[in-house]
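Undergrad: I would like the atomic coordinates for the input below:
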Amino acid sequence: MDTKDYTMHVYQDGKDIKEIPTDTGMSGYSTWGGTMVVLDKEPLIEMKSCSVPGFSCTPGVGNYYDLKVYNDVHLTPSGTYIHQAEWDNSIGTDNTSHGCVHLKPADATWFYKFINIGDPVTINGEPDQVHNGNGYTDWNESWQTWLAGSAAGISAAGQ
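TA: Just a heads-up that it's a prediction; the model follows:
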C-alpha cells in the first residue's frame, strides 16, 4: 500500500492482481508504516472514539465517533484496521482517517474475502513505523538483527 498515492496493490503468487483506492491517516493520526501481519478478521465491529487516548467520549464534541464498521481486517493490537468506510468520500483522493485504512464497500468486501489471517500487509509512505511488538512486526527487522534476537532468546531459554 502506498499512502501518498492513495492505493493498495494486492499480490497473489508474486503477481499484482488488483489495485484498490484507499484513504489512510490524516496529519497527526498517521497510519503505521512498515510490514504487519493480519491478526484476525471480523465481519462487524463497533469502533468508538473513547477507546483512543485523548479522543472525545461526548457525542458532537471534537473527534467523537461511534460507528458500526464492516469487513474489518485487524493489523495491530493498538487498533490499526483495514475496513469498509462507506461514509468516506476521500477514498482514493486524500488521507482523512484516524489511522485506519478505509476502503469502498465493494473493495472492502473483496479484500475481506481474499486476505487470510497471517498474510503480510506492507504500508509505505508513512513517517511513523509500526513499533516492535505492536503485532507481528519481525518483518521490519533486518535478518541479522532478527537472528541476533533469536539467538539471545534461545540462549536465555536454555539457562
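Undergrad: ok, and the closest non-adjacent residue to Glu114?
TA: Careful, residue 114 is Phe; it's not Glu. Of all residues not flanking Phe114 in the chain, Val10 sits nearest, at 6.7 Å (C-beta to C-beta, 6 or more residues apart in numbering). C-beta: built from backbone N, CA, C; applies to glycine.
Undergrad: buried stuff in the helix or strand hosting that neighbour?
TA: For Val10, the host element (DSSP states H and E) is strand 7-12. By 16 or more other C-beta atoms under 10 Å, the buried positions in strand 7-12 come out as 8, 10.
Undergrad: Can you show me the CA trace of that strand as CSV?
TA: Output in CSV follows, covering the C-alpha atoms of strand 7-12 (Å, rounded to 0.1, in the frame of the first residue of the first chain):
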residue,chain,number,x,y,z
THR,A,7,-3.7,3.0,-3.4
MET,A,8,-3.3,-0.6,-2.4
HIS,A,9,-1.9,-3.2,-4.7
VAL,A,10,-2.9,-6.8,-3.9
TYR,A,11,-0.5,-9.5,-4.9
GLN,A,12,-1.0,-13.3,-5.3
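Undergrad: partners of the residue nearest to Phe114 in the sheet?
TA: Lys18 (DSSP bridges).
Undergrad: quick one: it and Ser97, what's the gap?
TA: Distance, Val10 to Ser97, using C-beta to C-beta, to the nearest Å: 19 Å.
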